[in-house]
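coords please:
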Amino acid sequence: MVRPKIKKDLDGSRQRVKASDFDNISKEILVTASSIFRCLIVTQVPIKLTPSAVKMLLRRTSHVCGELKTKMRSLARSFFGFRPSDLKEVIRQNRDLAESLKDGSSFVFKDWRSKTGIYKTELLQEGINIMWFANQNDEGIIYHKYFNPMPIEVVALVLTAVSQISLKSMALKMSDY
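The predicted model follows:
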């Protein structure tokens, strides 16, 4: 692997190294390694990490979590029936819906109104599919061994993402759909 030149800003501070700073072979290796890492970070528990490794992992983990949260926000909006509108009545209905979903973590149930079928919500499967199995080039397809059987850590991560997207925020103005 060819070491990249570390670029500096006008003030002399160092810029973060990017994949584009490397030659083509190195980029390919980095892309593959990053993809495998994204699978491992959600399916395995890393142990005995140095502080610098933890810092790097947190950056990668943050990216995976942010991507999942963005995808789950879109899925949850349509799945639970939040409606885009600036009308006060619709905003109130969206807010009531968000509150009912937060109450007792109702969003984890297949039937969230009657709270039956815990962890059998189709939203969970749809989230996993869109994040890791959307097409033949996705990490879940390429690195399927990390997802078979589906690790409980992945299930927990997806449900955590739904709980963290702030269902209440979806109840506010929906003009940003």
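
low-confidence stretches in the protein?
The model of the chain has pLDDT under 70 over residues 1-17, 19, 45-51, 53-54, 57-58, 60, 166-177.

tell me where it has helices.
For the chain, the helices defined by DSSP state H cover 24-43, 51-80, 88-102, 122-132, 139-142, 152-164, 167-170.

my guess is residue 158 meets residue 72, correct?
Yes. With contact defined as CB atoms under 8 Å, residue 158 reaches residue 72; the gap is 6.9 Å. Backbone N, C-alpha and C define where each C-beta goes, glycine included.

could you name every residue contacting both of these two?
Applying CB atoms under 8 Å, 6 or more residues apart in numbering, one finds that residue 158 and residue 72 are jointly contacted by residue 127.

run through who's touching stretch 106-117.
76, 80, 100-101, 104, 118-124, 159, 162-163, 167.

end to end on it, go ahead and measure it.
Length of stretch 106-117, first residue to last, CA to CA, to the nearest Å: 10 Å.

and it, which residues are buried?
By neighbour count on 16 or more other CB atoms under 10 Å, the buried set for stretch 106-117 is 106-109, 112.

can I get those in TSV with distance to residue 65?
Listed next are these as TSV, based on distance: CB to CB, whole Å:
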residue	distance to residue 65
106	23
107	18
108	18
109	23
112	23
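
quick one: which of the residues you listed sit in strands?
Residues of these located in strands (DSSP state E): residue 109.

could you report the neighbour count for residue 22?
By other CB atoms under 10 Å, the residues close to residue 22 number 17.

that one and residue 30 touch, don't they?
Yes. Counting by CB under 8 Å, residue 22 touches residue 30, with 6.4 Å between them.

residue nearest the centroid of the protein?
In the chain, the centroid-proximal residue (CA atoms, centre = their mean) is residue 68; its distance is 1.4 Å.

excluding residues flanking it in the chain, which one is nearest it?
Closest residue to residue 68 apart from its sequence neighbours, by CB to CB, 6 or more residues apart in numbering: residue 161 at 4.7 Å.

list the contacts of that neighbour.
When contacts are counted by CB under 8 Å, 6+ apart, residue 161 touches 65, 68-69, 72, 127.

closest one of those to residue 133?
The shortest approach to residue 133 among those belongs to residue 127, at 10.4 Å (CB to CB).

separation between the closest one and residue 38?
According to CB to CB, to the nearest Å, residue 127 and residue 38 sit 15 Å apart.

the more surrounded of the two?
Legend: neighbour count by other CB under 10 Å for residue 127 and residue 38, higher for residue 127 (24 against 21).

fine by me, thanks again.
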